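Student: Fold the following.
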Amino acid sequence: MATGILQQKPGTAPIRWLRDRLLAERERWVLWLPVALAAGIGTYFGLPVEPPVYLGGVGLVLAAILLLAFRSRWILRIGLLGALAFLLGFVVAQWRTHDVAANVLNRALPFATVEGEVKTVEPALQGARVVMAVREMSRLTPEEIPARVRIRLHAADHDIQPGDVIRVRARLAPPPSASYPGGYDFSRTAWFAGLGAVGFAFGPAERLVQTGRDGMDAQLMQMIEGLRARIANRMTERIEGPSGGVAAALATGLRGEIPEEVRQHMRDSGLAHLLAISGLHIGLVAGFVFSAVRGGLALAPGLALRWPLKKRSQQSRR
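Tutor: Alright, predicted model coming up:
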C-alpha cells in the first residue's frame with residue numbers, strides 16, 4: 001500500500017482527496033446552489049462602485065458557454081454550475097437595482113412645497129410619517145422631482161389617511177447613507193423603496209380634493225394601509241403608555257409610536273429583531289398558536305364544556 005502511494009504522481013493526492021469529498025457530497029450538491037446565488041447577490045452589493053451594466057450578463061453567457069464545452073468533465077461541470085449560479089445572483093441583483101431606479105434629491109431643500117397623494121401613513125408620537133407620491137414640488141424642474149418622498153407631518157395632521165392628496169411645506173434632504181462603515185445604510189433601503197427624499201413639515205398640511213383613488217389595485221392598497229393605521233391607533237388608545245406602541249408595532253408593523261428609550265432597551269436586550277419581523281410575521285405566528293391551542297383543547301369535551309377556551313388560547317400566546 002505504501003509502495004502504491006509512493007508511485008503516485010506528485011500533486012495527485014490532493015486532487016484525489018477533493019474528488020472523493022465531492023463524490024461523498026453528491027446528494028447535497030443542489031443545496032449549494034442557493035449559497036452560490038446568495039454569494040453573487042452579496043458580492044454585487046459589497047462592491048464599492050457600481051459595475052458596468054454588461055459585466056454580469058457577459059460573465060453569465062461565458063459561464064454557460066464553458067459549461068457546454070466542458071460538459072463531459074464532471075469536476076469542471078460542477079464548478080461551472082456553481083459559477084453560473086453565482087453570476088445569476090449577481091445579474092438578478094444588478095437588474096433589480098436598475099429596474100427600481102428613480103430620481104433622488106441631489107441636495108437639501110430648506111423650504112419646499114410638496115403636493116402629492118399619500119400612499120402610507122405611520123402614526124408616531126411627534127406626528128404621522130407619510131410616504132407621498134409626488135405630483136408637484138417647488139424649486140425643482142420636472143426632471144429632478146423624485147417619485148416618492150417620506151415626510152413627518154405636523155402633530156395636528158392626525159386625520160390624514162392613505163389616498164388623501166395634500167400640499168405641505170417641508171424641509172427635504174437626500175436619504176442619509178450609513179453613518180459609519182458597515183452600519184445601516186438607509187439610502188440603500190430608500191432606493192429600493194422608491195424614496196427620493198426624506199424630511200419634515202413646518203406646519204399643518206393642506207388637504208386637497210381626493211383625486212388619487214383611481215384603479216382597483218390603488219383602492220385595495222389604500223384600504224389595507226388605512227386598516228393598518230386604524231388598528232394601530234385603536235391599540236395605542238386602549239393600551240396606555242409605551243406598551244400600546246409596542247403592541248401596535250407587533251400587530252401592524254407601524255413602529256412610530258414606540259418611544260426611543262424603549263427602542264434602545266429592546267436593542268440592548270436583543271429583542272429588536274421582533275420589531276424587524278413585526279406585522280404579518282408576528283400575526284401569522286400568533287394566529288397559528290391561537291388556532292392550535294384552541295383546536296387542541298376543543299378536542300377534549302370535558303375541557304371545552306368547562307373552560308373558556310378562547311381566553312386560555314389568548315393567554316398562551318403571551
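Student: Quick one: distance of the helix or strand containing Leu18 to the chain centre.
Tutor: Using DSSP states H and E, Leu18 maps to helix 12-24. Chain-centre distance of helix 12-24: 41 Å, with C-alpha atoms, centre = their mean, to the nearest Å.
Student: gap between Arg19 and Trp191?
Tutor: 44 Å (C-beta to C-beta, to the nearest Å). For the C-beta atoms, the positions are set from N, CA and C on the backbone; glycine is no exception.
Student: who's more crowded, these two?
Tutor: More neighbours surround Trp191 than the other of Arg19 and Trp191, with 17 against 12 (other C-beta atoms under 10 Å).
Student: ok, Ala108 - contacts?
Tutor: When contacts are counted by C-beta atoms under 8 Å, 6 or more residues apart in numbering, Ala108 touches Arg171, Leu172, Ala173, Pro174.
Student: Quick check on it: phi, psi?
Tutor: The phi/psi pair for Ala108 (degrees, to the nearest 10) reads phi -80, psi 140.
Student: that older thread, what's the helix holding Leu18 packed up against?
Tutor: Other elements packing on helix 12-24 under the criterion 3 or more C-beta pairs under 8 Å, 6 or more residues apart in numbering; DSSP states H and E are helix 74-99.
Student: Can you mark which positions in the helix it packs on are buried?
Tutor: 79-91, 93-94 (16 or more other C-beta atoms under 10 Å).
Student: and of those residues, the nearest to Gly226?
Tutor: Ala93 (33.7 Å; C-beta to C-beta).
Student: Was I right to think the closest one contacts Tyr44?
Tutor: Yes - using C-beta atoms under 8 Å, Ala93 makes contact with Tyr44 at a distance of 4.2 Å.
Student: Now do the same for His158: helix, strand or coil?
Tutor: The local conformation at His158, judged by DSSP: H, G, I helix; E, B strand; the rest coil, is coil.
Student: likewise the one 4 residues further on?
Tutor: Following three-state DSSP, the label given to Pro162 is coil.
Student: State the distance from it to Pro259.
Tutor: Applying C-beta to C-beta to Pro162 and Pro259 gives a distance of 25 Å.
Student: could you point out where the stretch 51-200 of the chain is predicted with low confidence?
Tutor: Within the stretch 51-200 of the chain, the ranges that satisfy pLDDT under 70 run 125.
Student: all strands in it, in order from the N-terminus.
Tutor: Counting by DSSP state E, counting those that start in this stretch, the segments of the stretch 51-200 of the chain that form strands are 109-122, 129-137, 148-152, 165-173, 195-201.
Student: Tell me which of these lies nearest to Trp307.
Tutor: Across the strands of the stretch 51-200 of the chain, closest to Trp307 is strand 109-122 (C-beta to C-beta), at 39.3 Å.
Student: Give the partner strands of the closest one in its sheet and their orientations.
Tutor: Partners of strand 109-122 in the sheet, by DSSP bridges, are strand 129-137 (antiparallel), strand 165-173 (antiparallel).
Student: Okay, buried residues for that strand please.
Tutor: Buried residues in strand 109-122 (16+ other C-beta under 10 Å): Leu109, Ala112, Val114, Glu115, Gly116, Glu117, Val118, Lys119, Thr120, Val121, Glu122.
Student: do stretch 257-276 as well
Tutor: Buried-residue list, stretch 257-276, by 16+ other C-beta under 10 Å: Glu257, Ile258, Val262, Arg263, Met266, Leu275.
Student: correct me, but the fourth one touches Ser269?
Tutor: Think Arg263. No - at 11.0 Å, Arg263 does not count as touching Ser269 under the criterion of C-beta under 8 Å.
Student: Identify the residues contacting the residue sitting nearest the centre point of the chain.
Tutor: Nearest to the geometric centre of the chain sits Thr189, at 7.5 Å (C-alpha atoms, centre = their mean). The contact partners of Thr189, by C-beta under 8 Å, 6+ apart, come to Pro175.
Student: Which parts of the stretch 151-300 of the chain are helices?
Tutor: Ranges of helices in the stretch 151-300 of the chain, per DSSP state H, counting those that start in this stretch, are 186-193, 216-238, 242-252, 260-268, 272-276, 280-298.
Student: Ala178: which of the ones you listed is closest?
Tutor: So among those, helix 186-193 is nearest, using C-beta to C-beta, at 7.8 Å.
Student: Buried ones in that closest one, by neighbour count?
Tutor: Phe186, Ala190, Trp191.
Student: ok, so of these, who is nearest Ala36?
Tutor: Taking these together and measuring to Ala36 by C-beta to C-beta, the closest member is Trp191, at 25.1 Å.
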